[in-house]
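> just a sequence and a predicted model for now, questions to come.
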Amino acid sequence: MASLRNASPRLRNYFKENYIPQVCEVLLCGLLVTCPQDPLKYLEEMIITIMKSGLKSLLWDMCIDPSMKPKIRRLSETYLEQLFGLDDQLMTPELMIKACTFYTGHLVKTYFCSWKDIVIPHINEDIKTEKIEKAIQYENFRLQKYIFCHWHSYVKGQKKQLKDTLLRIQQIFYSNKLAMILTKWRDKARYNYQKKDDELLLKHELQLRKWRNRIKYKRNAEEHFLFPDRSLSAISLVGEIPVCDISLLPERAILQIFFYLSLRDVVICSQVCHSWMSMTQISLLWNHIDFSTVKNVIMEKYIVSTLQRWRLNVLRLNFRGCSLRLKTLRSVSLCKNLQELNVSDCPTLTDESMRHISEGCPGVLFLNLSNTTITNRTMRLLPRHFHNLQNLSLAYCRKFTDKGLQYLNLGNGCHKLIYLDLSGCTQISVQGFRNIANSCTGIMHLTINDMPTLTDNCLKVLVEKCPHITSVVFLGAPHISDRAFKALSTCNLRKIRFEGNKRITDACFRFIDKHYPNINHIYMVNCKGITDGSLKSLSPLKQLSVLNLANCVRIGDVGLKQFLDGPSSIRIRELNLSNCINLGDASIVKLSERCPHLNYLNLRNCEHVTDLGIECIVNIFSLISLDLSGTDISNEAND
């Protein structure tokens with residue numbers, strides 16, 4: 001529009017209001033080509049004409065200088081008639097005007113588009129150049145911003161790294177400084193503690209010496225009062241015995257005193273005074289907490305607070321018979337160093353509470369779950385979390401199945417299990433014992449009481465993969481027979497306990513003589529099939545120290561004499577022959593001669609033992625306990 005600056009104000013305003021500037025620029029450029037002498041004049045005239053007559057008055061040759069217009073001769077009507085064949089019907093003047101108007105408009109449009117195509121590229125080039133410059137500036141700015149952002153991030157990271165390094169150096173410096181201070185403080189505390197112990201020990205020795213001297217002088221004063229003729233030089237030194245403050249005793253002595261108290265008594269002692277309170281706060285005193293003694297009086301919130309306070313010191317917990325909520329049992333998981341847990345007879349113990357305990361206390365070695373409602377879910381938790389479990393009691397837990405025992409082999413398994421108690425678990429079949437054998441091959445002590453469903457086959461499949469069994473306890477297992485002892489012959493048994501079995505005969509003792517030379521404890525109570533032949537088979541055992549044959553009514557003097565003739569009589573320390581009604585004085589006399597180390601002897605209801613046998617028993621000087629109730633002895637023998 002630079003070319004319109006020299007035009008009149010009226011013309012410029014008209015351009016601004018009614019025409020697009022670019023179109024006017026095109027018209028002006030066309031006039032510059034066709035009217036080089038005075039283009040603005042022609043442009044102004046043309047615009048004025050358009051303003052007066054409208055666009056319909058626009059002709060195709062208006063912008064052409066008259067001197068440059070082509071010399072075209074107007075066609076006459078004759079030529080038009082010859083050319084188009086005009087007549088009154090075919091060609092009328094109106095149609096002719098329309099044709100010329102269309103033709104003129106077409107020419108205007110054609111030339112105008114041509115002028116536009118020639119002139120607009122120059123304008124677009126200027127616009128493009130402007131845009132390119134702006135684009136270059138924007139690109140440079142964006143690039144600078146991008147580089148600056150990266151540089152800023154790098155500098156910020158370097159500063160943060162430097163700051164972290166300085167902070168880490170400061171932490172190391174303070175840690176080393178603190179370690180040095182703590183080391184010096186610990187050495188100083190040990191020195192002061194040792195010095196205090198030595199001073200207390202010396203003080204107590206002096207106090208004890210004075211106490212003994214005053215007792216001695218008091219005794220002499222009493223003797224002088226009773227016997228005035230005697231002289232006493234130090235009567236004036238007699239005085240009252242000073243009161244001994246146990247808080248001044250060494251810590252080991254205080255612990256030894258409080259270990260004999262129950263939890264309730266310890267709590268009562270802590271309320272006496274400040275010194276007694278400090279004595280009850282010794283950490284070693286809270287290694288073992290027995291809540292079963294106070295289960296009817298203690299509130300659960302005190303159990304939770306106690307466990308929270310001593311959670312790092314507690315090693316053993318006993319909740320036997322405690323009816324606790326799930327929240328209280330969850331607090332057991334705070335004791336990370338727990339090694340022994342007894343939750344037997346807890347009616348509220350569930351699989352959910354055991355899950356929390358197992359996740360928080362992985363170091364448990366002894367676990368007692370007897371008489372609870374646990375299921376196979378708890379059995380699945382045992383091998384996953386209690387990897388070091390050694391002692392497990394599942395007595396009278398009847399809600400788990402053989403499949404639960406199969407879970408003991410999952411993960412790391414319970415391969416370190418040494419002691420297992422399955423008393424009263426009548427739901428376990430032969431397959432269940434086979435699962436135990438596959439999972440716990442290291443079992444050494446096996447207890448299965450009150451289980452009438454226990455058979456010889458159960459023990460057979462168990463012993464096949466558990467050769468390390470050393471002690472078995474089967475009280476109340478009436479279906480076990482001599483075949484069980486034959487199956488156990490592959491193990492090195494040291495302890496056998498049976499009770500109330502009619503299928504065991506003298507044949508089992510022959511297995512004991514041949515296969516169990518190191519056995520030292522035999523408990524065969526109320527076994528009606530045992531006779532004197534069994535005692536003869538036991539006589540070669542050199543390690544036997546405990547023998548209990550109570551209620552074995554078929555045992556007599558012959559069998560006991562044969563047993564006492566062997567080497568086992570020398571080491572025997574405990575002998576129970578109660579209700580063996582066939583025993584008499586003859587075997588008792590032999591007993592006094594062959595058992596020099598006997599400590600416990602029970603001859604209850606042995607009716608044939610008389611005063612003669614008792615006179616021989618007096619010669620056993622190692623006796624500590626003797627039961628002669630129900631025997632035929634007189635008052636003179638008792639004296």
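It's in.

> with adjacent residues omitted, what lies nearest to residue 278?
In space, and not counting its chain neighbours, residue 278 is closest to residue 247: 7.3 Å by Cβ to Cβ, 6 or more residues apart in numbering. (Each C-beta comes from the backbone N, C-alpha and C, glycine too.)

> what about that neighbour, which SS state?
Secondary structure, DSSP: H, G, I helix; E, B strand; the rest coil: residue 247 is helix.

> next: residue 266.
Here residue 266 is recorded as helix under three-state DSSP.

> ok, it touching residue 260?
No - the pair residue 266 / residue 260 is not scored as a contact, 10.3 Å apart, by Cβ atoms under 8 Å.

> the two: who's more crowded?
The neighbour comparison of residue 266 against residue 260 (other Cβ atoms under 10 Å) goes to residue 266, with 17 against 7.

> how about that one: what's its closest non-neighbour residue?
Closest to residue 266 by Cβ to Cβ, 6+ apart is residue 280, at 5.5 Å.

> was I right to think residue 313 contacts residue 286?
Yes - counting by Cβ under 8 Å, residue 313 touches residue 286, with 5.1 Å between them.

> just after the lengthiest helix in the chain, pick out the following helix or strand.
Criterion DSSP state H: the longest helix present in the chain is helix 93-226. Remark: after helix 93-226, the chain's next helix or strand is helix 251-258, criterion DSSP states H and E.

> quick check: residue 352 touching residue 330?
No - Residue 352 is beyond contact range of residue 330, at 9.0 Å (criterion: Cβ under 8 Å).

> of those two, who's got more company?
Counted by other Cβ under 10 Å, residue 352 and residue 330 do not tie: residue 330 has more neighbours, with 18 against 13.

> what ranges do the strands span in the stretch 501-639 of the chain?
521-525, 546-548, 574-576, 600-602, 625-627 (DSSP state E, counting those that start in this stretch).

> closest one to residue 182 among those strands?
Nearest to residue 182, of all the strands of the stretch 501-639 of the chain, is strand 521-525, at 52.2 Å by Cβ to Cβ.

> then that closest one to CSV, C-alphas only?
What follows is strand 521-525 as a C-alpha-only set of coordinates in CSV (Å, rounded to 0.1, in the frame of the first residue of the first chain):
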residue,chain,number,x,y,z
HIS,A,521,14.5,-94.9,80.9
ILE,A,522,11.8,-97.6,80.7
TYR,A,523,8.2,-96.7,81.8
MET,A,524,5.8,-99.7,81.3
VAL,A,525,2.8,-99.0,83.6
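
> please name every helix or strand in contact with that strand.
strand 495-499, strand 546-548 (3 or more Cβ pairs under 8 Å, 6 or more residues apart in numbering; DSSP states H and E).

> averaged pLDDT, that strand. What do you get?
Across strand 521-525, the average pLDDT comes to 93.

> also stretch 154-163?
Mean per-residue pLDDT for stretch 154-163: 91.

> again, but for stretch 358-370
Stretch 358-370 carries an average pLDDT of 92.

> so which bits of that stretch are buried?
Residues of stretch 358-370 classed as buried: 358, 360-361, 364-370 (neighbour count, 16 or more other Cβ atoms under 10 Å).

> what of stretch 402-420?
So for stretch 402-420, counting by 16+ other Cβ under 10 Å, buried means 402, 404-409, 413-414, 417-420.

> done for today, thanks.
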